[in-house]
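Asks: structure for the following, please:
(one chain, ligands or ions: 1)
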Amino acid sequence: MGRRRKRRIVPVKVKKGIPKVFRCPKCDSESLTGTLIHQGVNGEREYVFKCGVCGFEETVTVNKNQQTVDAYNKLVDMMTGA
Ligand SMILES: [Zn+2]
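Replies: All right, here's what the predicted structure looks like:
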């Protein structure tokens, strides 16, 4: 019996879908998570941001080339009333 399987197929971990933590624009806590919740037919992405401290919640839509951090930047712009 010597069927050693040296190579194990390890599933590639994609970063997509893992919530990232940002600074909440409302209460300034490091507890705002951004999660991709929807991707439209045009590739546009919808992210929801939720703060675990103050309960702040906002949905941001960005285009297909943008990531969670871009959505976060957009959220901050919205919050600061740029
Ligand atoms: Zn907050």
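
Asks: how about residue 21, what does it touch?
Replies: 30, 31, 32, 33 (CB atoms under 8 Å, 6 or more residues apart in numbering). C-beta here means a position set from N, CA and C on the backbone, and glycine is covered the same way.

Asks: out of the residues you listed, which one sits closest to residue 80?
Replies: Of all the contacts of residue 21, residue 32 has the smallest distance to residue 80: 14.5 Å, by CB to CB.

Asks: count of neighbours near the closest one?
Replies: Residue 32 has 26 neighbours, counted by other CB atoms under 10 Å.

Asks: tell me what it is bridged to.
Replies: On the basis of DSSP bridges, residue 32 is bridged to residue 22, residue 51.

Asks: residue 38 versus that one, what's the distance?
Replies: Applying CB to CB, to the nearest Å, the value for residue 32 to residue 38 is 19 Å.

Asks: same check on residue 73?
Replies: 19 Å.

Asks: ok, residue 7 next?
Replies: 37 Å.

Asks: if we can go back for a sec, which of the contacts of residue 21 has the most neighbours?
Replies: Comparing the contacts of residue 21 by number of neighbours (other CB under 10 Å), residue 32 comes first, having 26 neighbours.

Asks: got the contact list for that one?
Replies: 21, 22, 23, 24, 25, 49, 50, 51, 52, 56, 72.

Asks: residue 11: which of the residues you listed is nearest?
Replies: Using CB to CB, the contacts of residue 32 come closest to residue 11 at residue 21, 23.8 Å.

Asks: can you pull the phi/psi pair for residue 71?
Replies: Backbone geometry at residue 71, expressed as degrees, to the nearest 10, gives phi -60, psi -40.

Asks: pretty sure it sits against residue 59.
Replies: No - look at residue 71 against residue 59 with CB atoms under 8 Å: they stay out of range, at 9.3 Å.

Asks: near the ion at all, the helix or strand bottoming out on mean pLDDT in the chain?
Replies: Least confident helix or strand, the chain: strand 20-22 with a mean of 90, by mean pLDDT, DSSP states H and E. No - judged by CB under 5 Å from the ion, strand 20-22 makes no contact with the ion; its nearest approach is 10.1 Å.
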